[in-house]
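sequence first, then the predicted structure:
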Amino acid sequence: MKEHLFPIAVELLQQLISVPSFSKEENKTASLIESFFKHYEIETSRKGNNVWTKNKFFDPAKPTILLNSHHDTVKPNSGYTRDPFSPLIEDGKLYGLGSNDAGGPLVSLILTYFYFYGERNLKYNLVFAATAEEEISGTGGIELIWNELPKIDFAIVGEPTLMDMAIAEKGLLVLDCVAKGKAGHAAREEGVNAIYEALTDIGWLRTYQFPKISSTLGKVKMSVTMINAGQAHNQVPPECKFTVDCRATDVYSLEEILDTVKQNVKCDVTPRSLRLRPSGIEENHPLALAGKKLGFNLYGSPTTSDQALIPVPSVKIGPGDSARSHSADEFIY
């Protein structure tokens, strides 16, 4: 059976693509993954839309590796020219929503787990978990089942990385900001324009550089990504709301970044969450050393995944290209 893993992986990925699995609506793909394991007489556990399983000869005395990837997808964007749920193979490409992010990495880890499932003398236990709500950083995914899993020593997270190994990953801090002014008639010298008040703060956010730079993740990056103000062309707006996307590195805590912003802007600043923290692994960790030995390129990832919610050392790796994630006519080679 082990020599036939590739066609099994492709067939499973095609099945997963054909079933819509938007975040919070992954029940059918969860059932599909359960059925796959049941077909091979592998016991699984399920909570919500999360499915997990441990190797046949699990030994609590051994350290345990978690193999984790997500089976939810974003919704297809308006640029699609193909049926996003039609898993066709053309010119060596398998098309379909979620094929690249993260279907390819997901089935690769499923079949990796399957390969080792019945081995008697592994140095490590293996736990595989297919989880939900990754695309929205929801609380119904890996966090929901973490305390249900056996003790995990370190994790391999499946994401499209071109088979490079991410040994660090930036965290995410989203800030909702409100600049206050005072309403007045635009034709007269009345009021305080909240848009102009916001511009001062936005200018600081655009140009400020955090002094410490991470050796693996580089600089903290802040981007103003949404703005909204005004109700009428002839009214000075009393309020301007804008959103800041902060990508955090391992040399600052999210709290330190938040405090720095609050100390330097006049607007009201509210963080949406302090959950999605930077993560990674030491370069001399056995996983990182194994990656080097296999010739993988080790790097720091600017994007956020379930690594941010996994409280043990982890790496991120998988087939596919992060640049194709969420794109129209998504595919994987």
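Perfect, I can see it now. Since the model is a prediction, treat every value here as computed from it, not as a measurement.

residues touching the closest residue to Gly230 other than its chain neighbours, list them.
Computed as C-beta to C-beta, 6 or more residues apart in numbering, the closest residue to Gly230 that is not its neighbour in sequence is Pro237, at 4.3 Å. For glycine as for every other residue, the C-beta is placed from the backbone atoms N, C-alpha and C. Counting by C-beta atoms under 8 Å, 6 or more residues apart in numbering, Pro237 touches 181, 183, 193-195, 229-231.

filter those down to the buried ones.
Applying 16 or more other C-beta atoms under 10 Å to those, the neighbour count classes 181, 183, 193-195, 229 as buried.

now the helices for the stretch 151-300 of the chain?
194-207, 254-264, 286-293 (DSSP state H, counting those that start in this stretch).

next: the stretch 1-150 of the chain.
5-17, 27-39, 104-116, 142-145.

deepest-packed of those, please.
Of all the helices of the stretch 1-150 of the chain, helix 104-116 carries the top mean neighbour count, a mean of 22, counting by mean count of other C-beta atoms under 10 Å.

follow-up on the earlier one: which one among the buried ones among the contacts of Pro237 gets closest to Thr73?
Ala229 (33.4 Å; C-beta to C-beta).

quick one, what contacts the nearest residue to that closest one once chain neighbours are set aside?
In this structure, Ala229 finds its nearest non-sequential neighbour in Cys240, 3.7 Å apart by C-beta to C-beta, 6+ apart. Cys240 makes contacts with 178-179, 181, 194-195, 197-198, 227-229, as judged by C-beta under 8 Å, 6+ apart.

who's Cys240 bridged to?
Ala179, Ala229 (DSSP bridges).

could I get the pLDDT score of it?
Cys240 is assigned a predicted lDDT (pLDDT) of 98.

so how far is Val192 from it?
11 Å (C-beta to C-beta, to the nearest Å).

shared neighbours, the two?
Joint contacts of Cys240 and Val192 (C-beta under 8 Å, 6+ apart) are Gly181.

strands of the stretch 151-300 of the chain, start to end?
154-158, 165-169, 171-180, 184-185, 221-229, 235-236, 239-248, 268-271, 279-280, 298-301 (DSSP state E, counting those that start in this stretch).
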